[in-house]
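Chemist: just coords:
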Ligand SMILES: Cc1ncc(COP(=O)(O)O)c(C=O)c1O
């Protein structure tokens with residue numbers, strides 16, 4: 001049996017981790033996760049952790065679901081692989097396409113499969129540009145996205161994303177992708193402006209950019225209904241309906257990246273239904289298989305699908321594993337389980353509202369400037385002080401690394417929360433119970449108290 005030290009030595013010697021300072025990790029040693037059940041993980045020292053992040057926003061049905069294991073095993077025995085190129089198909093891929101058309105909003109009848117969310121967004125770029133080419137408008141090739149958006153790590157995904165740290169490496173963004181400011185009230189709204197007013201102002205930045213570029217050059221606007229990796233930025237309720245109005249007015253396509261918000265996370269099957277947009281394309285991944293096996297894709301609305309099908313000829317794009325039969329079989333079992341357990345309704349009517357209620361109570365904590373949730377995603381903004389009468393608190397200096405300090409306490413106390421700057425975020429599995437939410441909230445309070453003590457000690 002290898003010890004934690006053995007694992008860490010081998011890891012440091014050979015494994016370059018994603019989004020990681022390789023040298024720093026080799027020095028510290030990685031945390032090795034060896035086992036999971038329900039909403040809990042265990043590391044190689046046997047320490048139990050409550051996983052308030054569903055892995056990486058993906059394990060929607062929780063760990064240890066036998067139905068998904070059985071689906072993979074059965075499919076692997078029957079047909080472990082065949083591709084969907086050259087006019088072939090496999091039953092799980094066809095059935096999954098059918099089911100996805102059923103659970104997505106009515107404008108969606110077709111799907112293109114990828115393996116990850118990043119590849120899904122690469123597909124979006126190629127497909128949308130192809131659509132406008134076929135309509136005789138090849139100059140409509142620019143994508144408008146937002147700063148602090150996350151759309152993946154491939155060249156197109158990272159370019160669509162608005163992460164400055166990513167753009168600083170490797171000559172990004174690629175041409176034809178531009179960014180507007182995000183709808184983050186705390187940072188971007190002028191003092192005294194209400195959230196609803198700000199939602200309209202932030203949507204107006206899209207229209208200003210369209211007019212600056214010329215609408216005839218704009219292919220599409222892409223956005224996560226709720227920015228996940230950017231820090232669970234929940235836009236004001238006025239934002240998405242106004243974005244939709246602007247896209248309609250200028251005839252540009254709307255793409256919602258639902259890699260995080262899909263499959264029940266916000267209390268509807270898809271986040272667009274929660275925020276009130278009517279996208280032409282949806283990118284999905286993660287929750288489609290609850291992360292048990294990689295699968296992603298793009299739902300293609302009829303406006304685009306009809307052009308690609310009726311006028312398109314061959315679309316020169318695809319992945320070896322587009323529609324992988326084992327991944328599709330697991331996705332089918334996962335969606336069946338979400339339906340059987342009524343998880344979407346549970347998030348909407350039971351655990352989502354309960355989380356909203358108990359999370360809001362954290363607003364009284366001296367460190368918490370803002371506590372917001374939508375369905376089962378939530379964020380706490382940690383602030384230095386909350387002056388009476390001001391509509392928002394004062395941020396900590398970035399060098400205090402308040403988020404990292406708090407995250408350290410979370411790990412030590414058996415809780416996995418993610419830190420994005422000074423925002424502490426959660427997205428627990430959709431099977432979480434009220435009792436488990438209470439357990440999670442107890443841990444969060446303890447970690448906030450420990451963080452506050454640290455901050456006061458310096
Ligand atoms: C909104 C969004 N889009 C795309 C991606 C990229 O997905 P993947 O890591 O599967 O390529 C992510 C990953 O976190 C995401 O959150």
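Modeler: The structure has been received and is ready for your questions. In this text the structure is predicted, and so the values were computed from the model without any measurement.

Chemist: does the lengthiest strand in the chain come close to the ligand?
Modeler: Ranked by residue count and defined by DSSP state E, the top strand of the chain is strand 377-385. No - on the criterion Cβ under 6 Å from any ligand atom, strand 377-385 is out of touch with the ligand, staying 11.0 Å away. Any C-beta I mention is one placed from the backbone N, CA and C, and that applies to glycine too.

Chemist: What residues of that strand count as buried?
Modeler: For strand 377-385, the neighbour count (16 or more other Cβ atoms under 10 Å) marks 377-384 as buried.

Chemist: For whichever residue of the stretch 101-250 of the chain sits closest to the ligand, what are phi and psi?
Modeler: Relative to the ligand, the nearest point of the stretch 101-250 of the chain is residue 117 (2.4 Å; Cβ to the nearest ligand atom). With angles defined as degrees, to the nearest 10, residue 117 sits at phi -70, psi -40.

Chemist: Can you convert the buried residues of strand 377-385 into TSV and add a column each for pLDDT and distance to residue 150?
Modeler: Converted to TSV, these look like this (pLDDT from 0 to 100; distance: Cβ to Cβ, whole Å):
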residue	pLDDT	distance to residue 150
377	98	14
378	98	17
379	98	14
380	97	19
381	96	18
382	97	21
383	95	23
384	93	27
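
Chemist: residues touching the residue of the stretch 101-250 of the chain closest to the ligand, list them.
Modeler: Going by Cβ atoms under 8 Å, 6 or more residues apart in numbering, residue 117 touches 151-152, 157, 257, 259, 283-286, 296.

Chemist: From those residues, which land in strands?
Modeler: Those of the contacts of residue 117 mapping onto strands are 257, 283-284, 296, per DSSP E.

Chemist: JSON lines please, covering those residues and showing pLDDT.
Modeler: Formatted as JSON lines, the ones in strands among the contacts of residue 117 follow (pLDDT from 0 to 100):
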{"residue": "257", "pLDDT": "99"}
{"residue": "283", "pLDDT": "99"}
{"residue": "284", "pLDDT": "99"}
{"residue": "296", "pLDDT": "98"}
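
Chemist: Out of these, which comes closest to the ligand?
Modeler: Nearest member of these to the ligand, counting by Cβ to the nearest ligand atom, is residue 257, at 4.4 Å.

Chemist: so who does that closest one touch?
Modeler: For residue 257, the contacting residues are 117, 121, 149, 151, 222-224, 282-283, by Cβ under 8 Å, 6+ apart.

Chemist: Spell out which residues of the stretch 301-450 of the chain are next to the ligand.
Modeler: Residues of the stretch 301-450 of the chain lying close to the ligand by Cβ under 6 Å from any ligand atom: none are found.

Chemist: quick one, strands of the stretch 301-450 of the chain?
Modeler: In the stretch 301-450 of the chain, the segments counted as strands under DSSP state E, counting those that start in this stretch are 368-374, 377-385, 394-395, 415-416, 418-420, 423-426.

Chemist: To residue 7, which of those strands lies closest?
Modeler: For those, the distance to residue 7 is smallest for strand 415-416, at 18.4 Å, taking Cβ to Cβ.

Chemist: so what strands line up beside that closest one?
Modeler: strand 48-51 (parallel) (DSSP bridges).

Chemist: ok so, going back, among the strands of the stretch 301-450 of the chain, show the one with the smallest mean pLDDT.
Modeler: Among those, strand 394-395 has the lowest mean pLDDT, at a mean of 90.

Chemist: so residue 384 makes contact with residue 393?
Modeler: Yes - counting by Cβ atoms under 8 Å, residue 384 does reach residue 393; the two are 6.9 Å apart.

Chemist: the inter-axis angle of the lengthiest helix in the chain versus strand 368-374?
Modeler: When the chain is parsed with DSSP state H, its longest helix is helix 434-457. Interaxial angle of helix 434-457 relative to strand 368-374 (axes from the mean of the first three to the mean of the last three Cα atoms, to 10 degrees): 160 degrees.

Chemist: Check this structure and tell me which residue is nearest its centre.
Modeler: Nearest to the geometric centre of the chain sits residue 260, at 2.8 Å (Cα atoms, centre = their mean).

Chemist: State the phi and psi torsions of that residue.
Modeler: Taking degrees, to the nearest 10 as the convention, residue 260 sits at phi -100, psi -40.

Chemist: Not counting its neighbours along the chain, what's nearest the closest residue to the ligand within the stretch 251-400 of the chain?
Modeler: Nearest residue of the stretch 251-400 of the chain to the ligand: residue 259, at 3.5 Å (Cβ to the nearest ligand atom). Spatial nearest neighbour of residue 259, chain neighbours left out: residue 117 (3.7 Å); criterion: Cβ to Cβ, 6 or more residues apart in numbering.

Chemist: Let me know the helix or strand that residue 55 is in.
Modeler: According to DSSP states H and E, residue 55 maps onto helix 54-57.

Chemist: Show residues contacting that helix.
Modeler: With Cβ under 8 Å, 6+ apart as the criterion, helix 54-57 contacts 60, 228, 259-260, 265, 286-287, 291, 427-429.

Chemist: Kindly report the same for stretch 432-447.
Modeler: Residues contacting stretch 432-447 (Cβ under 8 Å, 6+ apart): 39, 50, 52, 62, 350-351, 354-355, 358-359, 362, 365, 376, 380, 406, 409-410, 413-415, 417, 424, 426, 428.

Chemist: quick one: average confidence on that stretch?
Modeler: For stretch 432-447, mean pLDDT rounds to 98.

Chemist: and that stretch, which residues are buried?
Modeler: Those would be 432, 436-437, 439-440, 443-444, 447, for stretch 432-447 by 16+ other Cβ under 10 Å.

Chemist: mind checking how far that stretch is from the chain centre?
Modeler: The chain centroid and the centroid of stretch 432-447 are separated by 22 Å, computed with Cα atoms, centre = their mean, to the nearest Å.

Chemist: Least confident secondary structure element in this protein?
Modeler: The helix or strand of the chain with the lowest confidence, counting by mean pLDDT, DSSP states H and E, is strand 394-395 at a mean of 90.

Chemist: Which strands or helices does that one pack on?
Modeler: When contacts are defined as 3 or more Cβ pairs under 8 Å, 6 or more residues apart in numbering; DSSP states H and E, strand 394-395 sits against strand 377-385.

Chemist: Which strands or helices does the strand it packs on pack on?
Modeler: Using 3+ Cβ pairs under 8 Å, 6+ apart as the contact test, the elements touching strand 377-385 are helix 352-360, strand 368-374, strand 394-395, helix 402-412, strand 423-426, helix 434-457.

Chemist: outside of the third one, which residues touch it?
Modeler: In other words, strand 394-395. Outside strand 394-395, the residues that touch it by Cβ under 8 Å, 6+ apart are 369, 383-387, 422.

Chemist: any idea which of those is closest to residue 30?
Modeler: Nearest member of these to residue 30, counting by Cβ to Cβ, is residue 422, at 24.8 Å.

Chemist: how many other residues sit next to that closest one?
Modeler: As a burial measure, residue 422 scores 24 neighbours (other Cβ atoms under 10 Å).
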